[in-house]
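1. any chance you could fold what I've pasted below:
(one chain, ligands or ions: 3)
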Amino acid sequence: MSWMCARKGTTRRLACVHKPRAAPSSFFSLDHSSSVSNSSKLLRSQSDTMARFPSQQQSRPVHATPFMNHSNTPSDANYDTANPSYIRKYLRTYGLTPPRAESYETQKARCLAQLGLKSTPIDKFLYLSTLRKNNVHLFYRLVTDHLRELTPLIYTPVVGEACQRWSEIYQQPEGMYLSWEDRGNLAAVIANWPQPNVEITCITDGSRILGLGDLGINGMGIPIGKLALYTACAGIRPEATLPLTLDLGTGNKTLREDPLYMGSRRGKISPEEEREFMDELMAALTERWPGIVIQFEDFKNPFPALERYRDLYTCFNDDIQGTGAVILGGVINAVKRAGLPCKEHRAVFLGAGSAGVGVAKQIVEFFMREGMTEDEARGCFYLVDTKGLVTADRGDKLADHKVYFARQDNNGEQYKTLEEVIDHVKPTILMGLSTLGGVFTPEILRKMADWNTAPIIFPLSNPSHKSECDFESAVTNTDGRCLFASGSPFPSMSFTNSTGETRTYYPGQGNNMYVFPGIGLGSILSKAVRVTDNMIYASGAALSQALTAEEIERGLLYPDITRIREVSIVVTRKVMRAAQDDKVDRETALRTMSDSDLDNWIKARMYDPHTEVRALEREVGHLLSSLGSLSPALNGSSEDLNGSKL
Ligand SMILES: NC(=O)c1ccc[n+]([C@@H]2O[C@H](COP(=O)([O-])OP(=O)(O)OC[C@H]3O[C@@H](n4cnc5c(N)ncnc54)[C@H](O)[C@@H]3O)[C@@H](O)[C@H]2O)c1
Ligand SMILES: O=C(O)C[C@H](O)C(=O)O
Ligand SMILES: [Mg+2]
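-> Ligands and ions are numbered 1, 2, ... in the order given. This is a model prediction of the structure:
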């Protein structure tokens, strides 16, 4: 599916113009002099893309290695109070932590108690950031064991406030910043990243952070938060992730005038300059880490970059494609529950941006797979932007990505407001991807309930206060009949409907966090040379099938969030199968593996923070026994006091 070629039948190929600038020899006085070279030029073809992968590329290691922090010294995770004494001695941290080797449960109890002492969400966010820095394995043990409670603190909604206040609350380096001023030298700057084996990066330029607008480099919270979920939900090792924020200027004048703002004061660079910068960036990233998966996030206009790079690099755009897939998963289930055939659905989308168009296109694909023609499927969609219903004869120049959905059947009439559009369409599906909190008013919700037995209502804008309506309003104004999913989490609620039945209602969280971890891991493990449309679709379809009987019984549209790690394995497998079907996988030996063997193979490669100390113990044990020097003085076990044997 070509995002920039919205007019049917046209295929616009963008010329790849890349003019690397020579790095001044004095740019950095570092011993790594990998400035942009000829070999880092934008790769031009599939065979070039294949050539990026060394033929002997190793499978990712299953064993644990001591975690290295950003200055390439042993990180504070090596001071884990769960480490038994002989590990502390091996790591030379013996004596530097209190003597007792603690169980995970004890550690977690302390962390949760400390977290409870923090009174505001941002204080909790900062506490967790510091914990991740101080003891990465403990942080992930805590997060994976308390996903429901902690995800909102490290991701949406709290990450939204963290981004708005990033330059005020900044405490420590946690990712990489690349500036327009660094152009020509991006490879040299990237060489500063201390981790040698990066497998995935999440990149933003901060220009559309959630529904909060242009936040410039303050958007760094997003790549950090997303990559934390890659680790927590799909087990990509923390040190294999690179949060990356581009300082390409900001259109946010308030930020530029804020003395604490940590980015450049320039206005946003032009689209042409951005393209030049991105060309160099993509080449530099893949030059250093040939197998890297590149995820674009929260760019204001992400369509040109996706179109330009999708066939050249292993990359995807989470807001267009990840969101499309996750909502596809929820819609497949909602359509089934609503009981209407696809062809009888009419979907109104408030918001015709990256997410709106990305979601609509995935559902078109679903309707087509259910037997409709492309024109019939497309005809079910009514997109609304700031100027009203997107029509072909509206009189303004439509952005390329909207043209595909422009209505031609409006008989010259233009519908300017959401209310006018929904009265005209009487939709069965109402989607919100507009950044306009509360715009699905009680009146609109009641109309949806009048027109439909089971209205599908997905207010998907983030964070919570940008949601087009909250769960309570949707339930109460539809008499509990809506099929609901929101981008940010809402609590479940008890409600008595008009027939006097009281029950608990559970909101769905239609957030791309259900799919991007699996898309990323599937691409890494299959060593995909590209991320294809089938891989994206497969992630959403897999998600729709991942519910248990009990979850279906509870009326859920998405699996319970506490099962997300388990669900990510299935999503990963389906993404890998789609990569195999499309023959973009390089780990071809996996093609003949059975599904259950492949699941086990995936699982064995997932980072599990609970087994890190045990894995380290095994590694040190093997090392010492192979040296024949496993002396009693080096023995020890958890919950022993360590100090007795030196
Ligand atoms: N739930 C998820 O997983 C998920 C994923 C991606 C994006 N989102 C959310 O979706 C929202 C939109 O993201 P995007 O990337 O599409 O942004 P975008 O800027 O590309 O698109 C926003 C769209 O909303 C429209 N809009 C804005 N104000 C409007 C108004 N007053 N009336 C009518 N339309 C209006 C714009 O015209 C545009 O079409 C954000 O809040 C984002 O957080 C959610
Ligand atoms: O970041 C999220 O929570 C989802 C999505 O990518 C967004 O931009 O809102
Ligand atoms: Mg996003």
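
2. and whichever strand in the chain runs longest with ligand 2, contact?
-> Criterion DSSP state E: the longest strand present in the chain is strand 241-247. No: on the criterion Cβ under 6 Å from any ligand atom, strand 241-247 is out of touch with ligand 2, staying 13.3 Å away. Backbone N, C-alpha and C define where each C-beta goes, glycine included.

3. could you give the average pLDDT over that strand?
-> Mean per-residue pLDDT for strand 241-247: 98.

4. buried residues, the helix or strand that that strand is followed by. List them.
-> Once the chain leaves strand 241-247, the next helix or strand it forms, by DSSP states H and E, is helix 253-256. For helix 253-256, the neighbour count (16 or more other Cβ atoms under 10 Å) marks Leu255, Arg256 as buried.

5. just after helix 253-256, pick out the following helix or strand.
-> Immediately after helix 253-256, counting by DSSP H and E, sits helix 271-288.

6. just the angle between that next one and strand 241-247, please?
-> Interaxial angle, helix 271-288 versus strand 241-247 (axes from the mean of the first three to the mean of the last three Cα atoms, to 10 degrees): 150 degrees.

7. mean confidence for helix 271-288?
-> Helix 271-288 comes out at a mean pLDDT of 98.

8. how far does the longest strand of the chain sit from the chain's center?
-> 13 Å (Cα atoms, centre = their mean, to the nearest Å).

9. so what are the sheet partners of it and their directions?
-> Under the criterion DSSP bridges, strand 241-247 sits next to strand 176-179 (parallel), strand 200-204 (parallel) in its sheet.

10. for the stretch 151-300 of the chain, give the residue positioned nearest to ligand 1.
-> Gly211 (2.7 Å; Cβ to the nearest ligand atom).

11. Three-state assignment for that residue, please.
-> Counting by DSSP: H, G, I helix; E, B strand; the rest coil, the backbone at Gly211 sits in coil.

12. roughly how far apart are it and Lys124?
-> 22 Å (Cβ to Cβ, to the nearest Å).

13. more neighbours: which of these two?
-> Gly211 (25 against 21; other Cβ atoms under 10 Å).

14. which residues touch that one?
-> By Cβ atoms under 8 Å, 6 or more residues apart in numbering, Gly211 lies in contact with Ser434, Thr435, Leu436, Gly437, Ser461, Asn462, Pro463, Lys466.

15. okay, these in TSV with distance to ligand 1 and secondary structure next?
-> Formatted as TSV, those follow (distance: Cβ to the nearest ligand atom, whole Å; DSSP: H, G, I helix; E, B strand; the rest coil):
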residue	distance to ligand 1	secondary structure
Ser434	4	coil
Thr435	4	coil
Leu436	5	coil
Gly437	9	coil
Ser461	3	coil
Asn462	4	coil
Pro463	7	coil
Lys466	5	helix
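
16. which residues touch the longest strand of the chain?
-> In contact with strand 241-247 (Cβ under 8 Å, 6+ apart) are residues 174-180, 193, 195, 198-206, 216-217, 219-220, 223-224, 226-227, 230-231, 263-264, 277, 281.

17. show me which of these are buried.
-> Buried among those (16+ other Cβ under 10 Å): 174-180, 193, 195, 198-206, 216-217, 219-220, 223-224, 226-227, 230-231, 263-264, 277, 281.

18. now the element after the one helix or strand Phe125 maps to, going C-ward?
-> Assigned by DSSP H and E, Phe125 falls within helix 121-134. Remark: after helix 121-134, the chain's next helix or strand is helix 136-145, criterion DSSP H and E.

19. and that next one, C-alpha only, in CSV?
-> What follows is helix 136-145, C-alpha atoms only, in CSV (Å, rounded to 0.1, in the frame of the first residue of the first chain):
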residue,chain,number,x,y,z
VAL,A,136,17.5,-2.0,35.0
HIS,A,137,16.6,-5.6,35.8
LEU,A,138,14.7,-4.6,38.9
PHE,A,139,12.8,-1.9,37.0
TYR,A,140,11.7,-4.5,34.4
ARG,A,141,10.8,-7.1,37.0
LEU,A,142,8.6,-4.5,38.6
VAL,A,143,7.0,-3.3,35.4
THR,A,144,6.4,-6.8,34.0
ASP,A,145,4.8,-7.9,37.3
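
20. for the record, mean pLDDT for it?
-> Across helix 136-145, the average pLDDT comes to 95.

21. go on, stretch 396-410?
-> Mean predicted lDDT for stretch 396-410 stands at 97.

22. please name the residues that touch Glu420.
-> Neighbours of Glu420 in contact, by Cβ under 8 Å, 6+ apart: Gly388, Leu389.

23. okay, it: pLDDT?
-> Reported pLDDT for Glu420: 98.

24. still on that earlier bit, from ligand 2, how far out is the residue of the stretch 151-300 of the chain closest to ligand 1?
-> 7 Å (Cβ to the nearest ligand atom, to the nearest Å).

25. now do Gln114
-> Counting by Cβ to the nearest ligand atom - Gln114 and ligand 2 are separated by 26 Å.

26. tell me the angle the helix or strand hosting that residue makes with helix 136-145.
-> Per DSSP H and E, Gln114 falls inside helix 104-117. On the basis of the same axes, to 10 degrees, helix 104-117 is oriented at 80 degrees to helix 136-145.

27. what number of residues lie near the residue of the stretch 51-200 of the chain found nearest ligand 3?
-> The stretch 51-200 of the chain approaches ligand 3 most closely through Thr156 (8.9 Å), counting by Cβ to the ion. By the criterion of other Cβ under 10 Å, Thr156 has 22 neighbours.

28. pretty sure it sits against Asn511.
-> Yes: at 6.8 Å, Thr156 and Asn511 qualify as touching, with contact defined as Cβ atoms under 8 Å.

29. so for the two, which residues contact both of them?
-> Asn462, Gly487, Ser488.

30. quick one: which of the residues you listed is most hemmed in?
-> In the shared contacts of Thr156 and Asn511, the most neighbours by other Cβ under 10 Å go to Gly487, 29 neighbours.

31. can you check the pLDDT for Ser119?
-> pLDDT, read off for Ser119, is 97.

32. any idea how far it is from Gln164?
-> Counting by Cβ to Cβ - Ser119 and Gln164 are separated by 19 Å.

33. same question, Pro243
-> Taken as Cβ to Cβ, the span from Pro243 to Gln164 is 18 Å.

34. who has more neighbours, Ser119 and Gln164?
-> Neighbour count, other Cβ under 10 Å: between Ser119 and Gln164, Gln164 has more, with 21 against 8.

35. stretch 611-631: how far from the chain's middle?
-> Computed by Cα atoms, centre = their mean, the chain-centroid distance of stretch 611-631 equals 36 Å.

36. what average pLDDT does that stretch get?
-> 72.

37. sorry, back to before: and the helix holding Phe125 with helix 136-145, angle?
-> Using the same axes, to 10 degrees: helix 121-134 against helix 136-145 is 130 degrees.

38. quick one: buried residues of helix 121-134?
-> For helix 121-134, by 16+ other Cβ under 10 Å, it's Pro121, Ile122, Lys124, Phe125, Leu126, Tyr127, Leu128, Ser129, Leu131, Arg132, Lys133, Asn134.

39. quick one: the last one and Asn78 touch, right?
-> No: with contact defined as Cβ under 8 Å, Asn134 does not reach Asn78; the gap is 10.7 Å.

40. where along the protein do the strands fall?
-> Using DSSP E, strands in the chain cover 176-179, 200-204, 241-247, 293-296, 315-317, 347-350, 381-385, 388-389, 429-432, 456-459, 483-486, 493-496, 502-505, 508-509.

41. okay, those strands in CSV with distance to Phe366 next?
-> Below are those laid out as CSV (distance: least, Cβ to Cβ, whole Å):
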stretch, distance to Phe366
strand 176-179, 37
strand 200-204, 27
strand 241-247, 31
strand 293-296, 23
strand 315-317, 19
strand 347-350, 11
strand 381-385, 12
strand 388-389, 23
strand 429-432, 12
strand 456-459, 13
strand 483-486, 15
strand 493-496, 29
strand 502-505, 25
strand 508-509, 17
